[in-house]
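S.K.: predicted model and sequence below, questions to follow.
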Amino acid sequence: SNMLPPKITISDGHCSMSSALDLFENHSSNTPSSNGSGNSSSGASSSGNGGNTGASNGSRQSGQNGNSNFKLNNQNNGKSCVVDENSNGLSDCLEGIDSITLASDSNVYAYNDYVSLLATFYEKDKKATYVNGAPVTFEIVKIEKAKDEQKDISNSNLEVVYDITDPNLNNENIISDYVNFSSYPVRSSIGTSKYGFSTKNKDLNIYLRAKFTPNTTKVQNKKWIESPNLKVEVRSNTFTSFATKYDKKTNTLSNSLSTIESSSKPNVYLIDLGIGTFEQQLSKIQSFSESNENLIVGMSKTSKTKSTIDIKYPINIKLFNKDNIVQDLEIKSKQDVIKLSPLTDSGTYKLKITDSDSLSTTREIYVSASAVEKVDVKLGTNLLLSGGSVSTNILTLYDGHDNPVSGKRYIAQLELSNDNFVFIGPDGETKTVSYEIYEGFQAFRIKSTDKAGGTDLNVKIIDPETNTVVANTTQKIRSIENINVSLSESDISVGGETHKIKVSLRDNNGNILVGMNSRIYFSGDSNYFRPTKPYFDIVNSEAEVEITTKNLAGADIPVEIQIEGIDKIFNSKISIKPLKPVKVEVIVGNSKLEAKEDKYSTVYLELKDKFNNLVFTDSSTKANVSIDQKYSQILKYSGGPVSFRNGVANFNINATKIPGIGYFKVSTIPSLGQNSFNLSSDDNSSTKVDGVGENVGKIETFYFWNKEKVQRQHYNTLYTTLLGANYGDIEQKDYLAGALIFDKNSRALAVTSLLDSGLKKDNILTVNDSGAVREIFSKADLSQNLNTNIGIDGTKLYFNVYNTSLNATIGKVYYNLHDVKLGVCKDNLEDCFD
C-alpha cells in the first residue's frame with residue numbers, strides 16, 4: 001500500500017464479533033441484532049438534532065444524560081461467555097454483570113427527529129465487552145405532554161399520558177399516538193445493544209429504561225438488571241443551519257454542497273441569521289474572509305409558529321474529522337462572527353452546534369485539495385539490472401498542504417536524460433512520455449537497456465489552462481550488470497513466532513551496493529513459514545524481511561527472492577530450528593529375525609520436539625540401551641551408550657538361538673523429563689507436560705528350516721499359504737504348504753501373514769511422462785492428510801509432500817526434465833492430465 005499517495009489509504013476493514021455460544025436458547029432466531037434500529041421508517045430530520053447518531057467513545061454515563069454523546073469504555077477483560085460451572089442456566093460471565101446503563105445521542109429532539117439509544121453492560125465500572133447475544137429490552141416508562149398544548153410544556157403545564165406502573169395508563173397502544181416505538185429484545189454485541197425510534201409532532205418528556213432478563217427457564221434465582229431512567233425531551237423549537245460559499249476572487253456568494261478548498265488561513269465562519277440573511281451581512285463577510293474560498297455557516301432557531309427566535313447562548317461548537325474532535329469551542333454570548341481554525345487537510349468534516357436548550361444541528365463540510373504545487377515520484381527501485389529489467393513507478397500530485405489533488409486536468413511530461421533506460425508507454429519504448437492526469441496520480445514503467453549506467457528522470461507538471469509549469473522534480477536512477485543477494489538470519493525456530501531475516505544486495509566483489517532503494521518479495525514453502533507482508537522495502541541496499549514460522553522445522557529450506565527492477569529470481573536457503581526434544585522415537589529396521597546369533601536388526605533413535613519435528617540441532621544427547629533379564633535369552637546387545645548426531649542415533653540388536661518376542665529399552669542421557677512445556681485450553685488454564693526420555697522396541701525371532709531350499713523356489717503371490725499353517729520341511733513330498741506355495745498348477749485360494757506382496761503398498765502420487773502430478777490418496781484418511789507445494793531448489797523444479805496431521809515432511813519429487821511443457825487447465829484440472 002505504500003505505492004499509494006501518503007494520504008490515500010486502504011482500509012483494513014472491520015469485522016463484527018458474534019457470540020461464541022448462543023447463551024439464550026429459548027430466544028427466537030428472529031430477535032433483532034443490536035446494530036438495527038427500532039423503526040426503519042423513521043428518517044432523520046434536517047432540523048433540531050439533525051438526525052445525530054452520536055459518538056461511540058468516551059466514559060461511562062449515568063441514566064440522566066448530562067452530556068448527550070454516547071460514551072463507551074472499550075475495555076475487555078478477556079472473559080468468555082461459555083462456562084456455566086454451577087449449572088444454573090446462566091453463564092458465569094453474566095453472573096458478574098452488576099449494572100447496565102442507557103444513554104442517548106442528545107437530550108432534546110425536534111419534531112419528526114430520530115432518537116438513538118445505547119445500552120451498555122458493566123462489571124465493576126468496566127465495560128463488559130465479552131457479553132454477546134444477551135437480550136436487552138428497551139422500554140418507555142412514562143410519557144408527559146403539555147396539558148395546554150398552546151403553551152410551552154413546564155412543571156405547571158404537565159400531564160402524564162402513559163405510565164408503565166399505572167394500570168390505567170400502561171396500555172402500549174397509547175405510545176403510538178406520540179412516538180414510533182416498539183418494545184422488543186435486542187441482542188447485545190461486544191457489551192452493547194442499540195435501538196432507535198422517531199418522534200412525532202408533540203412536545204413531550206419521555207422516560208426510558210433498558211433491562212436485561214435471560215429468557216430461559218433454566219436460570220435459578222432469575223437475574224434482572226435495569227438501567228436508571230433516561231429522560232429525553234421533544235420540543236417544537238428547531239435549531240437549523242445553512243451554508244453558503246464566499247469566493248474572495250469574484251466577491252460573490254453561491255449555494256454549494258458545503259465544499260471549499262484547503263487553506264492555511266481561516267476558511268470556515270459562523271454567523272447568527274437572527275441578525276440578518278447572508279446577503280444582508282455580505283459586507284461583514286467581505287471584511288473578515290481571508291481565504292480564496294470561505295464557507296459561511298448561518299445558524300437559525302424557529303418556534304412552533306415558525307417564527308425566528310433568539311438562539312440561547314452559550315453554544316457549543318464541535319468539529320469532527322472521522323471520530324476525532326479537531327475543534328471544540330464554547331461561545332458564551334452572541335458574536336458577529338465566529339471564526340474556526342483553518343482546515344488544511346482535505347476530507348469530510350462534521351460540524352455540530354448545540355445551544356443551551358440542548359438542541360443541536362449538524363452539517364458536513366467537504367474540504368478539497370487546492371491547486372497543484374508539488375509532485376512526488378515513488379520509484380519502484382532506483383537501481384535496475386541492465387538488459388531489460390522493468391520497474392513500475394508512480395507519481396502523485398499534491399497541493400501546498402500535502403493533499404493529493406484530483407478532479408482537475410493536468411499534463412505530466414517525463415524525460416530520461418541518457419540511453420540507459422526507456423519508458424514503456426502508449427507509443428512503445430521512448431525516452432520521453434506524456435500523460436493526462438485527472439485523478440491525481442499516474443503509474444508508469446521504466447525499462448533498462450543493455451547499456452549500464454545512470455540517468456536523470458525529469459518530471460514536469462503543466463496546468464493546461466495557463467500552460468505553466470506548476471511543479472517539477474528530478475530523480476536519479478542507474479543500472480548495473482550484476483547483483484547478488486546475501487541473507488543474514490538469526491536463530492529461527494518453529495512455533496508461530498515472528499523472525500527477521502536481513503537481506504543485503506551486493507556487487508560481484510561482495511560489497512554492499514550504494515544507495516539502492518526498492519522492494520523485495522520473499523517466498524518459500526508455506527508449510528514452513530509465511531511472510532508478514534506481501535513485500536518489504538529495501539533502503540540503501542538492505543531490507544529486513546519478517547516471517548512467521550509454523551510448526552514444521554527444517555534445514556536448508558529453499559526460498560525465492562525477487563526484487564523490483566531485477567529481471568531474475570534469486571535462490572537461497574534458510575533453516576528453521578526445532579524446539580528442545582521432549583520424546584525419543586524407536587524405529588526398528590527389521591522387526592522379524594531368524595533366531596541365529598549372527599542375525600541382527602539396526603535400530604534408529606530420533607529425538608522429537610513437541611511438534612513432532614526431528615531435533616536435528618541436537619548432537620550432545622546420548623542413550624543407554626538395556627534388555628531386561630526375561631528377554632536376554634532372545635535378544636542381545638553388547639554395545640555401550642550411543643550418541644546422537646543431528647538428532648539421530650543407531651545401534652544393532654542381535655538375535656540368539658532361542659526364538660521368541662523380545663523387548664529392549666532406550667533411555668536418554670540426560671533425561672528429557674526436564675524439557676517440559678505447557679498446553680493451554682480454551683478457559684485460559686494450562687497443563688504442564690514433561691518430556692519422556694524412555695521408549696521400548698520389539699523384535700520377534702523365529703526358526704526357518706531349510707531356508708536355502710526356499711531361496712531358489714518361485715511362488716505365485718496370488719496363492720499363498722494358509723494363516724497359521726506349519727511350514728515344516730518343504731522337501732516333504734505333497735506337503736500342504738509346499739503344494740500351495742510352490743506348485744504352479746495349484747488353484748487354491750489362501751492367505752498368509754509371512755509373505756508380503758509389494759502390490760499392496762499404498763502409493764500416494766504418480767508423475768506421468770509430461771510431468772503432470774496425480775494424487776491417488778484419500779484425504780478422508782488422516783494418515784494420508786497430505787498436501788504438495790511447488791518450489792525451486794537451485795535450478796530444479798520440485799514439489800514437496802507434507803503430512804499435515806503428523807506435521808512431517810514425506811519427501812520431495814524433483815522434475816529432472818529437459819522439456820517441461822506448460823499446460824492451461826481451462827475448465828477442469830483433468831484437462832492437464834494425459
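M.R.: That came in fine, so what should we check first? Computed from a predicted structure; not experimentally measured.
S.K.: quick check: closest non-adjacent residue to residue 314.
M.R.: Nearest residue to residue 314, sequence neighbours excluded (CB to CB, 6 or more residues apart in numbering): residue 332, at 4.5 Å. Glycine gets a C-beta too; all of them are placed from N, C-alpha and C.
S.K.: so how far is residue 143 from that neighbour?
M.R.: Per CB to CB, to the nearest Å, residue 332 is found 34 Å from residue 143.
S.K.: tally up the residues packed near the residue nearest to residue 314, please.
M.R.: For residue 332, the count of nearby residues is 8 (other CB atoms under 10 Å).
S.K.: all helices of the protein, in order?
M.R.: Assigned helices in the chain, in chain order: 92-95, 282-288, 707-711, 736-742 (criterion: DSSP state H).
S.K.: nearest spatial neighbour of residue 547, skipping sequence neighbours?
M.R.: Counting by CB to CB, 6+ apart, residue 529 is the residue found nearest to residue 547 once chain neighbours are left out, at 4.4 Å.
S.K.: and what of residue 641?
M.R.: Counting by CB to CB, 6+ apart, the residue nearest residue 641 is residue 622, at 4.6 Å.
S.K.: tell me the contacts of that neighbour?
M.R.: Counting by CB atoms under 8 Å, 6 or more residues apart in numbering, residue 622 touches 641-644, 649, 668-669.
S.K.: run a quick neighbour tally on the residue nearest to residue 547.
M.R.: Neighbours of residue 529 under the rule other CB under 10 Å: 26.
S.K.: what about it, distance to residue 500?
M.R.: Using CB to CB, residue 529 is found at 12 Å from residue 500.
S.K.: for residue 104, same thing?
M.R.: 50 Å.
S.K.: so for these two, which sits in the more crowded spot?
M.R.: A count of neighbours by other CB under 10 Å puts residue 104 above the other of residue 104 and residue 500, at 24 against 14.
S.K.: could you chop this protein up by domain?
M.R.: Per automatic domain parsing, the domain ranges recorded for the chain read 1-236, 238-368, 374-480, 484-576, 583-702, 762-832.
S.K.: need the least confident one among those, by mean pLDDT.
M.R.: Among the domains of the chain, domain 762-832 carries the lowest mean pLDDT, at a mean of 65.
S.K.: go ahead and confirm residue 327 touches residue 340.
M.R.: Yes. Here residue 327 reaches residue 340: they are 6.0 Å apart, a contact under CB atoms under 8 Å.
S.K.: what is in contact with those two at once?
M.R.: Residues touching both residue 327 and residue 340 (CB under 8 Å, 6+ apart): 317, 319.
S.K.: and those two? Which one has more around it.
M.R.: Comparing residue 327 with residue 340 by other CB under 10 Å, the one with more neighbours is residue 340, at 20 against 15.
S.K.: excluding chain neighbours, what is closest to that one?
M.R.: Residue 340's closest residue in space is residue 268 (CB to CB, 6+ apart), at 4.3 Å.
S.K.: do you know how far the one you found is from residue 318?
M.R.: Applying CB to CB to residue 268 and residue 318 gives a distance of 13 Å.
S.K.: please identify every residue contacting each of the two.
M.R.: residue 351.
S.K.: name the nearest residue to residue 558, ignoring sequence neighbours.
M.R.: Distances taken as CB to CB, 6+ apart place residue 793 nearest to residue 558, at 4.6 Å, with adjacent residues excluded.
S.K.: I figured that neighbour hits residue 814, correct?
M.R.: Yes. Between residue 793 and residue 814 a contact is recorded at 7.4 Å, counting by CB under 8 Å.
S.K.: among the two, which residue is more densely surrounded?
M.R.: Neighbour count, other CB under 10 Å: between residue 793 and residue 814, residue 793 has more, with 15 against 10.
S.K.: bridge partners for the more buried one, pull those for me.
M.R.: Note on residue 793: beta-bridge partners residue 796, judged by DSSP bridges.
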